[in-house]
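Engineer: Prediction below, plus the sequence it came from.
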Amino acid sequence: MKMKDRLDKLAEHRRRNEGMGGPERVERQRAKNKLDARSRLKLLFDPGTFEELGLLAAHHGNLPEEEETDKPSSADGVITGTGEIDGRPVAAAIYDFTVFGGSIGDIGERKVSRLRDIALKNRIPMVWLVDSAGARLDASAGIDPRRLAGFADTGYLFREQVVMSGVIPQVAAMMGPGAAGTAYIPALADFLPMVKGTSSIAIGGPYLVESVVGEKVTEEELGGSKVHTEISGVADAEYADDTACIAAVREYLSFFPAHCEERPPRKPSADPFDRRDEELLKVVPDSPRQAFDMHKVILSLVDDRKFFPLKPRWARNLITGLARIDGYPVGIVANNSMYLGGILDVNASDKAARFVNLCDAFNIPLVFLQDVPGFMVGTKVEQAGIIRHGAKMMYAVASATVPKLTVVVRKGYGAGYYVMNGRAFEPDLLIAWPGAEIGVMGPEGLVSIAARKALQSAESPEAAEAMKKGLADNLRQHIRIERTAAMAMVDDVVDPRDTRRLLARALKRTANKKVERPYRRREIAPV
């Protein structure tokens, strides 16, 4: 056969595999409000930069003439390769639901394993777009019953993901279902966005759940985006459709370096670093008991008022997310008194610990905005393990060696003050706004405990309340931020309008920060 004939045959083979599961299956995919895998690929990468690896793969290594005409196994159900996002190399595995439901077959996993190796060795981010039925169990689609014992030699993908963790950024976007094995891929990634109405994650799908525990549920009820963004906290964000989700993946990666030994990319901004926002003078209420939305403070401080929240609908008493200040990427951890008064509970502690670890792994400075009454108390939270979960947050913040900047916006009480990067936790800048308070607890709570017997002995409830108020007002004078500053326990008490400038200059000053810790084989973090 001449070379031209060989090339013509190869071109036909490539066209066939680029056609995914065929026109009918692709159309069924689109009818479900889902883009096909190759359309997603085009949205993810800069135009013309994607180079595919393993396009000619097929299940069991079949050649085109050996394929069943009604069951094409194009690329064995997963598109793998490298391209560029904003001009930076990125590796991606995109599961194709039109081919065997995007299930994981031997050949497809061989491709993904090679891609993971390429990403790790070349220190480039790894992205998964997951739309998969999980492991390939249908005998006609690639599993030989005689090979079931081979399960003992599987699971490498999860170990490899753990090895990659903290070395290169990992993103796993749920564009469809992800059950069993494909549920752990996103669980081990750094960023897990989901598409509303079409994506789900569960250890076992509805059929397995019914057969094992007798519970009849839909995919959405079992592990839809609402479940994982509002209840379980497994996912980081929910997006309206595939296009919005992929755009979020691109934006997320823009905050991160290619790997842990690089600095995150600084992005020039037309927003002056010393911009003063008059609205900051109005955001904190006069009453210490009145809630306010900390998002207003965040948006006033960051470049172009742009904030990329992570887990915004889970543990809403704590805000976490990414932004830029004077072009520098920063991670923001802020208390939100609009929910539970901003108190730290089990979920908020886990949310903070995870986020702090993420930023610390990739050299992203942290900004803490304090308005914290402390940790939640009571039998319910004790039984839920508040001490253990609070210790996770404490451990993460104490361990972080990136620049850490703290602003006490209104209050910092008790251990909540510690874990929100109080003075003992090595802040590179510790400033407060006028009217702020730092103390073991709020004056009213302290009086209720310390003067309990005197209050109980009061002549009437009215007298007790008056006594409590008088004692609390007196105590409040001792935790005023001016007294704390007089003892040099904060760096300064500042005009709120100067906060952005002070943060920007601190970020520039700490760009070369280096912290050395005592040698240890590994940490033993609370779990």
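Structural biologist: Done, it's in.
Engineer: just the helices in the stretch 251-400 of the chain please.
Structural biologist: In the stretch 251-400 of the chain, helices defined by DSSP state H, counting those that start in this stretch lie at 294-301, 346-361, 379-383, 386-399, listed in chain order.
Engineer: What of the stretch 401-527 of the chain?
Structural biologist: Going by DSSP H, counting those that start in this stretch, the stretch 401-527 of the chain shows helices at 414-419, 443-450, 452-456, 461-478, 481-486, 499-509.
Engineer: deepest of the ones you listed, which one?
Structural biologist: Stretch with highest mean neighbour count among the helices of the stretch 401-527 of the chain: helix 414-419 (a mean of 22; mean count of other C-beta atoms under 10 Å). For glycine as for every other residue, the C-beta is placed from the backbone atoms N, C-alpha and C.
Engineer: pull the CA atoms of it into PDB?
Structural biologist: Only the C-alpha atoms of helix 414-419 are listed here, as PDB (Å, rounded to 0.1, in the frame of the first residue of the first chain):
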ATOM      1  CA  GLY A 414     -12.000  33.600  71.900                       C
ATOM      2  CA  ALA A 415     -10.500  30.800  69.800                       C
ATOM      3  CA  GLY A 416     -12.300  32.200  66.800                       C
ATOM      4  CA  TYR A 417      -9.800  35.100  67.000                       C
ATOM      5  CA  TYR A 418      -6.900  32.600  67.000                       C
ATOM      6  CA  VAL A 419      -8.000  30.500  64.000                       C
END
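Engineer: helices or strands next to that helix in the packing?
Structural biologist: strand 366-372, helix 386-399 (3 or more C-beta pairs under 8 Å, 6 or more residues apart in numbering; DSSP states H and E).
Engineer: okay, those in CSV with mean pLDDT, mean neighbour count and distance to residue 293 next?
Structural biologist: Formatted as CSV, the helices and strands packed on helix 414-419 follow (pLDDT from 0 to 100; neighbours: other C-beta atoms under 10 Å; distance: least, C-beta to C-beta, whole Å):
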stretch, mean pLDDT, mean neighbour count, distance to residue 293
strand 366-372, 99, 26, 11
helix 386-399, 98, 20, 22
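Engineer: Please produce a markdown table containing the ones you listed, extended by distance to residue 501.
Structural biologist: As requested, the helices and strands packed on helix 414-419 are arranged in a markdown table below (distance: least, C-beta to C-beta, whole Å):
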| stretch | distance to residue 501 |
| --- | --- |
| strand 366-372 | 14 |
| helix 386-399 | 25 |
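Engineer: Among the ones you listed, which comes closest to residue 85?
Structural biologist: strand 366-372 (24.5 Å; C-beta to C-beta).
Engineer: So what angle separates the directions of that closest one and helix 499-509?
Structural biologist: 140 degrees (axes from the mean of the first three to the mean of the last three C-alpha atoms, to 10 degrees).
Engineer: quick one: strands adjacent to strand 366-372?
Structural biologist: Strand 366-372 has its sheet partners listed here by DSSP bridges as strand 328-335 (parallel), strand 404-413 (parallel).
Engineer: which parts of stretch 91-101 are buried?
Structural biologist: 91, 92, 93, 94, 95, 96, 97, 98, 99, 100, 101 (16 or more other C-beta atoms under 10 Å).
Engineer: other SSEs contacting the helix or strand harbouring the third one?
Structural biologist: It stands for residue 93. Secondary-structure element containing residue 93, defined by DSSP states H and E: strand 88-95. Applying 3+ C-beta pairs under 8 Å, 6+ apart, we find strand 88-95 packed against helix 37-44, strand 78-85, helix 106-122, strand 126-132.
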